[in-house]
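Participant: Mind looking at a prediction? Sequence and model below.
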Amino acid sequence: MSLFGIYGSHTVEACPLNNRKSAELFYDLSKSDITKVMKKCKINKIIERYHSGLEHTLLWIVDAEDAHLIEKFCVEIGLASFHTLKIVPLSTFNEDVIPTIKRIHGL
């Protein structure tokens, strides 16, 4: 399992709360079956999708095999059409961070 965060932001003008085209895209995305695109882009699971409407940001956590394929996924589902996106590998606190600290410092 490889975890990645998809961090995104959009302008106030592009916000689905203010922009009909963006709203339709988000609405359609909530109703559509994206499993074929996920499979093609080697995304095993979307763990969660967090959004902050008034900050115009999002964070999606995905279990995937390749950051470049996540980029392709974001383009294909339309997420990249009105967001600036950053894809970041993630480590879990108890399973990754703490064992590394223990190993490095002999704790």
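Facilitator: Perfect, thanks for sending it. Numbers count the residues shown, from 1 in each chain.

Participant: C-alpha from now on. contacts and neighbour counts both.
Facilitator: Fine.

Participant: Quick check: buried residues in the longest strand along the chain?
Facilitator: Secondary structure of the chain read by DSSP state E shows that its longest strand is strand 43-52. Residues of strand 43-52 classed as buried by neighbour count (16 or more other C-alpha atoms under 10 Å): 43, 44.

Participant: Over to stretch 51-71?
Facilitator: Under 16+ other C-alpha under 10 Å, the buried positions of stretch 51-71 are 56-65, 67, 69-71.

Participant: Correct me if wrong: residue 97 contacts residue 91.
Facilitator: Yes. Residue 97 lies in contact with residue 91 (C-alpha atoms under 8 Å); the separation is 6.6 Å.

Participant: What's the local residue count around residue 94?
Facilitator: For residue 94, the neighbour count with other C-alpha atoms under 10 Å is 9.

Participant: Could you check how far it is from residue 100?
Facilitator: 10 Å (C-alpha to C-alpha, to the nearest Å).

Participant: Ok, residue 23 next?
Facilitator: Residue 23 is 43 Å from residue 100, by C-alpha to C-alpha.
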